[in-house]
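Q: please find the sequence and the predicted model below.
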Amino acid sequence: MTDRPRIAHVGIAVPDLDAALAFYRDVLGVVPSPPEDADGATIVSLPFGESDVELLAPRAPDGPIARFLARRGPGIHHICYRVADLDAALAACRRAGYRLIDDAPRTGAGARRIAFVHPKATEGILLELTE
């Protein structure tokens, strides 16, 4: 991997995972990964070259994806950037005054280390950082 950040994935909130998967699988011919559960959602990754699309369906009515869908409806939930050093990226965010949702890395889908930057700090876009 290079030291330059790149897009790891785009997370898309959907109310019905099977209905959303139909387009990617049946029209585009993308083979989805097996579903996994993280952060109160069922997540299916779809490979698109060096980046993925993650479909996020709520598992519980009070989880973050369910709340997002209730407020905004289906659509882009977040963008995830892959960085060379997550700890260094979070330290740089703190030094620059960016509000973090996760002060320290935690385990996300695929057992990857992740952390979220608050959308109020990034022009309304929820950003996820991962290594």
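A: Yep, that arrived. Keep in mind that what you see is a predicted model, and the values were worked out from it rather than measured.

Q: what strand or helix carries the most far-flung residue of the chain relative to its centre?
A: Using CA atoms, centre = their mean, the residue of the chain lying farthest from its centre is Arg95. It sits 23.7 Å away. Using DSSP states H and E, the element containing Arg95 is helix 86-96.

Q: what lines up beside whichever helix or strand comes after that helix in the sheet?
A: Going down the chain from helix 86-96, the next helix or strand is strand 106-107, by DSSP H and E. Take DSSP bridges as the rule and strand 106-107 pairs in its sheet with strand 113-117 (antiparallel).

Q: before we move on, the earlier item: go through the helix holding Arg95 and flag the buried ones.
A: Leu86, Ala89, Leu90, Cys93 (16 or more other CB atoms under 10 Å). (Glycine included, C-beta is placed from N, CA and C.)

Q: and the residue lying closest to Asp87 once chain neighbours are set aside, what pLDDT?
A: Closest residue in space to Asp87, ignoring its immediate chain neighbours: Pro105 at 6.9 Å, by CB to CB, 6 or more residues apart in numbering. In this model, Pro105 is scored at 97, pLDDT.
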